[in-house]
Each structure stands twice: as C-alpha cells, then as structure tokens.
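J.: sharing a model prediction with you, sequence too.
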Amino acid sequence: AQSVTQLDSQVPVFEEAPVELRCNYSSSVSVYLFWYVQYPNQGLQLLLKYLSGSTLVKGINGFEAEFNKSQTSFHLRKPSVHISDTAEYFCAVSASHASGGSYIPTFGRGTSLIVHP
Amino acid sequence: DGGITQSPKYLFRKEGQNVTLSCEQNLNHDAMYWYRQDPGQGLRLIYYSQIVNDFQKGDIAEGYSVSREKKESFPLTVTSAQKNPTAFYLCASSIGGGVTGELFFGEGSRLTVL
C-alpha cells in the first residue's frame, strides 16, 4: 500500500517570507500527486496536482510543487506567504488500491502552516 | 452551483446509538468516498463506491456501514460497534471512479459521542 509522509506537523513563518512544505511518498510504478488545503472546520480544496509531464506544477493562490521521482518527493512551495495562507495542508498520492483497478488517494497527516504578521 | 452537501454539520450522540451522516452530490460523479479525520492523523478511508449498488471497504471500515442506492447519495452509518466514533467525517466524490484521484469534498460533519 502507498504511504505518504509529511515531515513537518507544523511550520511557523512570518508574512511575506518563503515557505516549503515537504512531502515524500513510497515508491510505485505510477502515481498521481496532489496538494490540498483545509481551512478550519471545512472540507479540503485542491491546490494543485501532478499527473504527468512537467515536473514543476503551478496551482492556485501562488503555490507550486515539484515532482522528484528519484527522491519520491513532491514538496510544496510559495515564494511569499500571506496571513490568509494559514491553514492545514495535505499531500495525497493516488495509486491502485488493494482491491485493484481503481486509484484511491492516500493522504499524509497534514502540515499546519501558521503565518505570523 | 454543483457541489457536495453533508448534513448535519454537527451531531451529538449517546454511546450505543447508531447515527447516519448524509452526503449528497450534484456533480454527476461516479465515485464517492468517506474519510475520517482525527487531529494529527490526516484522512483515513472508511468506504468508497465507484458505481451505484457497489461499495468497497477502506482502511478503517469496522464499525461503519454505507449504501449506494442512488448515484447522488452515499450515506454513512456509524454503528454502536465503532469504539471511538468522535471525529470529523468528510465525504468526497470524483469523476469516473477516481482514475486521477482528484477529489471534491463536502464541508464535513463533526460527530461527538457524549
């Protein structure tokens, strides 16, 4: 089964500073990679996704992520954060589930991004 | 607007009672999912369904049951057999059985067992 590791449970940062949220996954023949954001007491929203092609993926709200197959990583970055970016961020990997055939996402434990003024 | 509606948003239950969480979608998606979220543990898959009248157990199905009688609806019942049911429950859907895995989420239901 796939596993996803988000190395930091909490990342504090000052407003306008750059940030990187780290994500590693267990290797698989073919995977699809995602980052989602969750604001308090809400569902998750898709930030960006990697399906194929360019390893640098751009998403909403100025976020981007780079797929590194050799390091099995998919780190999320933003060059300058805002207070409104304070939220929980989840990395997810989609690969064939144990039952076979379908691609069911597996989520990491989440990283809480806290942006200070 | 298309989306996923979960109800109720907050629910309190006494120990030993079953409770059903509603999930409805008007996105015309084939696949639907239920995840459980606990602090620091991310999202864990309870059940998923790729087509009407069919569903599969996820990683933590014990103590839960589902049905998929209509494409738009995927209710989750938390039974008295679930030993620690207090959690935030998220319903999601995806196009075409989740081939790409991109999910669309509802706003969640928070269940508290008193």
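T.: Nice, I can see it. Numbering: from 1, shown residues only, chains lettered A, B, ... in the order given.
J.: from here on, contacts and neighbour counts on C-alpha atoms
T.: Noted.
J.: and the longest strand for chain A?
T.: Ordering each strand of chain A by length in residues (DSSP state E) puts strand A:87-96 first.
J.: just checking, what packs against that one?
T.: On a contact count with 3 or more CA pairs under 8 Å, 6 or more residues apart in numbering or on different chains; DSSP states H and E, strand A:87-96 meets strand A:4-5, strand A:32-38, strand A:103-107, strand A:111-116.
J.: that one vs strand A:111-116, what angle?
T.: 160 degrees (axes from the mean of the first three to the mean of the last three CA atoms, to 10 degrees).
J.: need the CA coordinates for strand A:87-96. PDB is fine.
T.: Taking Å, rounded to 0.1, in the frame of the first residue of the first chain, the C-alpha atoms of strand A:87-96 are listed here in PDB:
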ATOM      1  CA  ALA A  87      -4.400  26.500   7.100                       C
ATOM      2  CA  GLU A  88      -3.800  22.800   7.100                       C
ATOM      3  CA  TYR A  89      -2.100  21.400   4.000                       C
ATOM      4  CA  PHE A  90      -2.400  17.800   2.900                       C
ATOM      5  CA  CYS A  91      -0.300  15.900   0.500                       C
ATOM      6  CA  ALA A  92      -2.000  13.000  -1.300                       C
ATOM      7  CA  VAL A  93      -0.900  10.200  -3.500                       C
ATOM      8  CA  SER A  94      -3.200   8.300  -5.800                       C
ATOM      9  CA  ALA A  95      -2.300   4.800  -6.800                       C
ATOM     10  CA  SER A  96      -4.000   1.500  -7.400                       C
END
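J.: find the closest residue to chain A in chain B.
T.: Closest approach between chain B and chain A, counting by CA to the nearest CA: B:Gly42, at 3.7 Å.
J.: quick one, what contacts that residue?
T.: Residues near B:Gly42 by CA atoms under 8 Å, 6 or more residues apart in numbering or on different chains: A:Phe90, A:Phe107, A:Gly108, A:Arg109, A:Gly110.
J.: so what sits opposite it in the bridge?
T.: B:Asp38 (DSSP bridges).
J.: tell me how far it lies from A:Val4.
T.: To A:Val4, B:Gly42 is 10 Å away according to CA to CA, to the nearest Å.
J.: most tightly surrounded among the helices and strands packed on strand A:87-96?
T.: Comparing those by mean neighbour count (mean count of other CA atoms under 10 Å in any protein chain shown), strand A:103-107 ranks first with a mean of 25.
J.: that one and chain B, are they touching?
T.: Yes: part of strand A:103-107 sits near chain B under the criterion CA under 8 Å from any CA of the partner chain, namely A:Tyr103, A:Ile104, A:Pro105, A:Thr106, A:Phe107.
J.: B:Tyr48 contacts B:Tyr33, correct?
T.: Yes: counting by CA atoms under 8 Å, B:Tyr48 does reach B:Tyr33; the two are 4.3 Å apart.
J.: looking at it, B:Ser65 is touching B:Ser80, isn't it?
T.: No: with contact defined as CA under 8 Å, B:Ser65 does not count as touching B:Ser80 (11.1 Å).
J.: low-confidence stretches in chain B?
T.: For chain B, applying pLDDT under 70 flags the ranges B:1, B:96-101.
J.: could you pull out the helices in it for me?
T.: Under the criterion DSSP state H, helices are not mapped anywhere in chain B.
J.: ok, the lowest-mean-pLDDT helix or strand in chain A: who's next to it in the sheet?
T.: Least confident helix or strand of chain A, by mean pLDDT, DSSP states H and E, is strand A:103-107 with a mean of 83. Sheet pairing of strand A:103-107 (DSSP bridges) gives strand A:87-96 (antiparallel).
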